[in-house]
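1. Next one to model:
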Amino acid sequence: MLGAMRSVASKRTWIVLVLLIIAILFIAAWLVRRASVHPQFGLIQITGMAMRSPYPPLTLWQKAEICVRSWLRLQQRYGSKSDYGLQVGTNVLGWSYRNNVPNNRDGYIYMCDVRPKADNGPLWEFALSNKQHLRDVTREDLRCEFYGMNDPRGTNVFGSAWRGRTIIVPEGQIFFARLETNRSVVYVVRLAKQHGVPKEDWATMKTEYVVANDMLPNGVGPANGSQPIRSETNSTSPAAGSRR
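-> Down below sits the predicted model:
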């Protein structure tokens with residue numbers, strides 16, 4: 001009698017544990033899905049790069065998210081990393097740091113092709129956004145003017161942040177990027193986390209982005225929330241298009 005009761009109790013314990021595990025997996029899947037999806041553009045992808053430094057390892061939460069996505073057969077959102085640019089979609093978007101001073105970190109985004117075997121020719125067109133959060137960007141915000149390499153309007157729009165082939169942008173900046181050869185796809189990019197130490201020649205960058213497909217091939221003028229931001233800076237920078 002006692003043995004039978006213990007057997008029943010043991011089965012109940014296992015049932016409770018299995019149900020608890022299932023509930024945890026569903027909650028984890030819901031949190032992963034909720035945290036990584038833009039309301040209009042879908043999956044928020046993450047990419048990064050390191051200049052003269054190993055890229056920080058994945059956190060425990062990031063590893064868990066990768067496992068859950070694999071289990072649910074969802075698209076992974078942690079892209080490959082490189083030491084000369086950010087992997088955005090199937091393309092490389094050049095970035096290098098300028099300042100690593102806390103609360104004043106910034107860097108350069110490159111309109112030219114920075115791949116080692118490329119010729120630094122035109123590749124990207126950019127527009128800056130004044131939105132603070134990636135989720136706040138809408139499709140209408142992307143109907144704005146874009147600026148490519150050596151655009152004569154660049155200085156008037158971006159001020160001293162314009163460098164002909166690069167634009168100085170701070171940590172946390174959201175900007176829109178599209179290829180000169182395919183203006184119907186726009187990448188909404190946020191420079192989420194820049195890390196480095198002042199006076200030491202290394203830096204890492206973590207970036208979040210979403211993909212907006214089927215956009216009009218040309219901008220139709222600035223829209224609310226996506227007007228070009230005039231950035232002012234008195235500091236010098238590398239020559240246009242040069243890599244640090």
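2. Return, as residue ranges, the portions of the protein with sub-threshold pLDDT.
-> 1-11, 16, 18-35, 52-58, 61-62, 65-66, 69-83, 217-244 (pLDDT under 70).
3. All the strands of it, in order from the start?
-> Remark: strands assigned in the chain by DSSP state E are 37-38, 42-43, 45-51, 78-82, 86-88, 91-93, 95-99, 106-110, 124-129, 166-170, 174-179, 182-195, 203-212.
4. Would you mind finding the most buried of those?
-> Greatest average neighbour count among the strands of the chain goes to strand 106-110 (a mean of 24), per mean count of other CB atoms under 10 Å. C-beta coordinates here come from the backbone N, C-alpha and C atoms, glycine included.
5. Using CSV, write out every CA atom in it.
-> The C-alpha coordinates for strand 106-110 follow below in CSV (Å, rounded to 0.1, in the frame of the first residue of the first chain):
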residue,chain,number,x,y,z
ASP,A,106,31.0,58.1,-31.5
GLY,A,107,32.4,56.8,-34.8
TYR,A,108,32.2,56.9,-38.6
ILE,A,109,29.8,55.1,-40.9
TYR,A,110,31.2,54.6,-44.4
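6. Packing partners of it?
-> strand 95-99, strand 124-129, strand 166-170, strand 182-195 (3 or more CB pairs under 8 Å, 6 or more residues apart in numbering; DSSP states H and E).
7. Looking at the strands of the chain, which is nearest to R135?
-> strand 37-38 (5.9 Å; CB to CB).
8. Minimum distance to C144: which of the strands of the chain has it?
-> Proximity to C144 (CB to CB) singles out strand 124-129 among the strands of the chain, at 5.0 Å.
9. was I right about Y147 contacting F126?
-> Yes: contact status for Y147 versus F126: in contact at 6.0 Å, counting by CB atoms under 8 Å.
10. Of the helices and strands packed on strand 106-110, which is nearest Y209?
-> strand 182-195 (4.4 Å).
11. could I get the strands of the chain as CSV with distance to L17?
-> Listed next are those as CSV, based on distance: least, CB to CB, whole Å:
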stretch, distance to L17
strand 37-38, 30
strand 42-43, 33
strand 45-51, 33
strand 78-82, 31
strand 86-88, 41
strand 91-93, 47
strand 95-99, 47
strand 106-110, 49
strand 124-129, 48
strand 166-170, 49
strand 174-179, 44
strand 182-195, 38
strand 203-212, 36
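12. Compare those and give me the one nearest R12.
-> strand 37-38 (37.5 Å).
13. Can you list the strands that that closest one pairs with?
-> Using DSSP bridges, the strands paired with strand 37-38 are strand 42-43 (antiparallel).
14. What's the local residue count around S160?
-> Neighbours of S160 under the rule other CB atoms under 10 Å: 15.
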